[in-house]
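In: Give the three-dimensional model of this entry:
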Amino acid sequence: AQRGMGRPQTMFFLIFREENVELPPSDFQKGIKEKVKKRLKEKVEGKCSARYGFTIMVAAIVNQDKLEGRLDEITGCAHFKVKYRAIVFRPYPNEILMAEVNNITDQGMFCRAGPLELFVSKYHIPSPYKFNPVDKQYTCQRDDQEVEIIKKGSHCRLRILNWTIDRNKATGVATVKGPYLGFDQSLE
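Out: Here you go, the predicted structure:
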């Protein structure tokens with residue numbers, strides 16, 4: 001199902017992929033299928049790619065019963081073309097996420113939403129919030145005398161403006177300006 005601008009409804013996907021897995025001669029013994037699966041998981045799980053996003057886990061190997069290795073005459077290693085399904089995390093711009101604040105500076109705050117590290121510029125924090133350099137936090141005085149504080153460890157609901165993958169690390173920029181965005185006291 002699609003929503004708005006033709007984007008998917010979720011940031012988590014079950015996708016079909018193929019990967020070449022190399023197995024050294026020392027692993028040529030009983031249980032070779034499990035060793036191929038273990039090597040595949042080591043190679044792709046917890047890794048980011050620009051095409052697929054962040055691979056959370058290998059869900060299933062599709063061709064496990066038909067795995068055929070090709071020997072490399074020089075190294076003696078076997079190469080397997082593995083077809084598998086994986087669960088990946090790939091958010092889109094304008095997606096709303098819950099994130100934890102990792103660091104606060106006078107320029108904004110750094111947040112983490114799973115594997116994604118996001119920067120929220122001071123220009124994308126609502127104007128009632130003021131930076132306190134002594135405590136390294138943003139504070140907001142409400143009309144009813146309630147004080148809201150955003151500090152390290154706080155949880156914020158934010159909207160992704162854009163993100164990218166650089167050297168197997170997903171980073172991006174986000175905003176907490178907008179309806180239903182910002183500090184979430186229910187998680188404190």
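
In: Low-confidence bits of this protein, can you list those?
Out: Within the chain, the segments meeting pLDDT under 70 span 1-9, 142, 144-145, 185-188.

In: partner residues bridging Ala170?
Out: For Ala170, the beta-bridge partners under DSSP bridges are Leu116, Ile165.

In: and it, how far is that from His124?
Out: From Ala170 across to His124, the span is 19 Å (C-beta to C-beta, to the nearest Å). Every C-beta, even on glycine, is put in place using the N, C-alpha and C of the backbone.

In: Neighbour count for these two, which is higher?
Out: Using other C-beta atoms under 10 Å, the more surrounded residue of Ala170 and His124 is Ala170, with 22 against 19.

In: Tell me who's in contact with that one.
Out: Cys48, Gly53, Phe54, Pro115, Leu116, Glu117, Trp163, Thr164 (C-beta atoms under 8 Å, 6 or more residues apart in numbering).

In: Taking the centroid of the chain, which residue is nearest it?
Out: Pro115 (3.4 Å; C-alpha atoms, centre = their mean).

In: Figure out the helix or strand that the spatially closest residue to it that is not a sequence neighbour lives in.
Out: Leaving aside its sequence neighbours, Pro115 sits nearest to Phe54 (C-beta to C-beta, 6 or more residues apart in numbering; 4.5 Å). Assessed by DSSP states H and E, Phe54 sits inside strand 53-61.

In: Touching the helix or strand just after that strand from outside, list them.
Out: Counting by DSSP H and E, the next helix or strand C-terminal to strand 53-61 is strand 69-71. Identification of contacts with strand 69-71 by C-beta under 8 Å, 6+ apart yields Leu23, Ile32, Cys77, Ala78, His79, Phe80.

In: got TSV for those residues, with secondary structure too?
Out: Shown next, in TSV, are those (DSSP: H, G, I helix; E, B strand; the rest coil):
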residue	secondary structure
Leu23	strand
Ile32	helix
Cys77	coil
Ala78	strand
His79	strand
Phe80	strand
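
In: if we can go back for a sec, the residue nearest to Pro115 and Gly114 touch, don't they?
Out: Yes: counting by C-beta atoms under 8 Å, Gly114 is a contact partner of Phe54 at 7.4 Å.
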